[in-house]
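J.: Give me coordinates for this.
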Amino acid sequence: PQDNRRPRFDLANVRLRRAQALERQDRFDVMISVLALSETELKRLVQECPDELRYRLQLALVHIEMGHALESKEDPKAAYERYVRAADVSREVIKSAPNLVSARQRLASGLQAAGMHLFNTGNPSKALEFFLEARQALATVAAGNPQLVELQTSLANAYCCMGDTFQWLNRMDDAERAYRSGIAVLDRLGESSSQRRFNQKMAGGIYQGLGTVLMRKGVTDEAIESFELARQMRESVKQTVSNGEALEQLAKTLDSRGCAPRSRGDLQQAVELGEQACESGEERLDLTPNSGHAHGALGAHHNNLGLTYKALGDHARAADHFDQAVDHQSKAVHLLPDHLQYANFLANHYCNLAGLHDKYGELPQAIVDYRKAAEVREAAMQRHPDDMGIVATAARNFLELANTQTRGGDNEGAKASYERAIELYEQLP
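T.: Just a heads-up that it's a prediction; the model follows:
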């Protein structure tokens, strides 16, 4: 009966709000239990009244919140399934109400979260499909609703996700256009936006991505300007809310800001910024010591600082930072085995260590490190058998190992490594 549905729907909403409060307290097990109760009631309401769109919309939101909880519990596959369900439910609502803003926002939220899972687990092409659909879903209603700050912010976020993915796919012009489109959306909102802090956080990410693209395109001066804007945004966010994510993002920007002067030969400034990045990364890790993402980010910062010390000719400091990079990245791979980027980083760190040892005539240790890098890539290929990028880097890795073994007099080992390199090259299209 209608009189019975209203309190049931209200109870489902109260449970949803309670779950969101539990998320802020990091009580994810209880959060999942509360969301499950809300989900059960909403599914019953949808069955009883399939034309009542608000029931479906809240069910989509429950799926999204459940995905957040599962991600926090380090269960990304289950989280991905929830995000896809949220998108599917939202599409059904849009069929009945094409211009319903909340439905399009739910769709975009589910698509972007699912896309991030695909991006992080080595499927950027499929991720891009999700991000493009999210952008289209939001753009359809964003132009006619400039006053809806949350809607415009979601659109900017979609452009940021597109830019990151285009960059991963080496489509630099497309990435630059996506980042600049995101900046344009945020610029239209202005400083008085009710979501100013969140917009600063997002702007930091977009300027970070734009700077990286410009660096790769050789536009160094403009890249530095973009990194500096990212730093300012992230410093502002950190002053307002000094949580783990704010520290991690600031560290990332400081790291990138340090790489830019290194490319121009200003090594001392690169060292200063690299040290600051590592310090910020350590602060982040202190807050969440079991975070694979925090370990992975800190490993990357130490690696880049090691490259700077290598360029300065400081063998000891370079080796120390490469060792720390390997240590943190190994923990990231252990905690997040399905995240391909961390396996890639770990193998690269071993290769940098090997190159350093090789440079100083320490061939036996160089061979050991190249072999460890090859082992990491072999394991990654088993987890991601269809990723030709991993196959290509593994082939180059075995070739480097073979060349070093040859110079070290290990002809049998070199023969086996050359054969494995050939096998891998033959797999490439």
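
J.: Quick check: buried residues in the helix or strand harbouring Leu151?
T.: Per DSSP states H and E, Leu151 falls inside helix 149-168. Under the neighbour-count criterion of 16 or more other Cβ atoms under 10 Å, helix 149-168 has 149, 151-168 buried. No exception for glycine: its C-beta is placed from N, CA and C like everyone else's.

J.: count of residues packed around Lys126?
T.: For Lys126, the neighbour count with other Cβ atoms under 10 Å is 14.

J.: Setting the sequence-adjacent residues aside, check what's closest to it.
T.: Leaving out its chain neighbours, the residue that sits closest to Lys126 by Cβ to Cβ, 6 or more residues apart in numbering is Leu118, at 4.9 Å.

J.: tell me the centre residue of this protein?
T.: Asn120 (6.0 Å; Cα atoms, centre = their mean).

J.: Mind pulling the model confidence for that residue?
T.: At Asn120, the model reports a pLDDT of 85.

J.: quick one: secondary structure of Asn290?
T.: Taking DSSP: H, G, I helix; E, B strand; the rest coil as the rule, one finds Asn290 in the coil state.

J.: For it, grab the count of nearby residues.
T.: Asn290 has 10 nearby residues by other Cβ under 10 Å.

J.: what does the one 5 residues further on give?
T.: Neighbours of His295 under the rule other Cβ under 10 Å: 26.

J.: My guess is it contacts Ala325. True?
T.: No - assessed by Cβ atoms under 8 Å, His295 is found out of contact with Ala325, at 10.3 Å.

J.: who touches both of those two?
T.: Counting by Cβ atoms under 8 Å, 6 or more residues apart in numbering, His295 and Ala325 have no shared contacts at all.

J.: avg pLDDT for the helix holding Leu151?
T.: Mean pLDDT, computed over helix 149-168, is 93.

J.: quick one, helices of the stretch 1-150 of the chain?
T.: Using DSSP state H, counting those that start in this stretch, the helices found in the stretch 1-150 of the chain span residues 2-24, 28-48, 53-72, 76-96, 101-120, 124-142, 149-168.

J.: Can I get those in a markdown table including distance to Asn344?
T.: Formatted as a markdown table, these follow (distance: least, Cβ to Cβ, whole Å):
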| stretch | distance to Asn344 |
| --- | --- |
| helix 2-24 | 31 |
| helix 28-48 | 29 |
| helix 53-72 | 21 |
| helix 76-96 | 17 |
| helix 101-120 | 12 |
| helix 124-142 | 13 |
| helix 149-168 | 11 |
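
J.: okay, and the helix or strand of the chain with the least pLDDT?
T.: helix 244-263 (a mean of 58; mean pLDDT, DSSP states H and E).

J.: Following the chain onward from it, which element is next?
T.: Following helix 244-263 toward the C-terminus (DSSP H and E): helix 267-287.

J.: could you give the mean pLDDT of that next one?
T.: Mean pLDDT, computed over helix 267-287, is 84.

J.: likewise stretch 225-237?
T.: 78.

J.: Buried residues, that stretch. List them.
T.: Using 16+ other Cβ under 10 Å as the test for burial, stretch 225-237 gives 225-227, 229-231, 233-237.

J.: Give me the pLDDT value at Asp29.
T.: Asp29 carries a pLDDT value of 94.

J.: what packs against the helix holding Leu151?
T.: If you count contacts as 3 or more Cβ pairs under 8 Å, 6 or more residues apart in numbering; DSSP states H and E, helix 149-168 packs onto helix 101-120, helix 124-142, helix 172-189, helix 196-216.

J.: Centre of the chain to that helix, how far?
T.: 13 Å (Cα atoms, centre = their mean, to the nearest Å).

J.: could you check the angle helix 172-189 makes with it?
T.: 160 degrees (axes from the mean of the first three to the mean of the last three Cα atoms, to 10 degrees).

J.: I'd guessed Asn145 sits against Val101; true?
T.: Yes - with contact defined as Cβ under 8 Å, Asn145 counts as touching Val101 (6.3 Å).

J.: Spit out the residues that contact these two alike.
T.: Counting by Cβ under 8 Å, 6+ apart, the residues touching both Asn145 and Val101 are Leu151.

J.: out of the two, which sits in the busier spot?
T.: Neighbours per residue (other Cβ under 10 Å) separate Asn145 from Val101, with Val101 holding more: 18 against 12.

J.: measure the more buried one to Gln147 for me?
T.: Plainly put, Val101 is 11 Å away from Gln147 if you go by Cβ to Cβ, to the nearest Å.

J.: likewise Tyr370?
T.: 58 Å.

J.: So these two - more neighbours on which side?
T.: Between Tyr370 and Gln147, counted using other Cβ under 10 Å, the more crowded position is Tyr370 (28 against 7).

J.: neighbours of Leu189, just the number please.
T.: Based on other Cβ under 10 Å, the number of other residues close to Leu189 is 18.

J.: Excluding chain neighbours, give the residue nearest to it in space.
T.: Per Cβ to Cβ, 6+ apart, closest to Leu189 is Gln152, 5.7 Å.

J.: List the contacts of the one you found.
T.: Contacts of Gln152 (Cβ under 8 Å, 6+ apart): 142, 146, 185-186, 188-189.

J.: Reformat those into CSV and put pLDDT and distance to Arg44 next to each item.
T.: Formatted as CSV, these follow (pLDDT from 0 to 100; distance: Cβ to Cβ, whole Å):
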residue, pLDDT, distance to Arg44
Ala142, 91, 34
Pro146, 86, 38
Val185, 92, 39
Leu186, 89, 41
Arg188, 85, 42
Leu189, 81, 40
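
J.: and of those, the nearest to Leu287?
T.: Of all these, Leu186 has the smallest distance to Leu287: 27.3 Å, by Cβ to Cβ.

J.: can you pull the contacts of that closest one?
T.: Per Cβ under 8 Å, 6+ apart, neighbours of Leu186: 152-153, 156, 199, 202-203, 206.

J.: and what of Thr393?
T.: Thr393 touches 344, 347, 377, counting by Cβ under 8 Å, 6+ apart.
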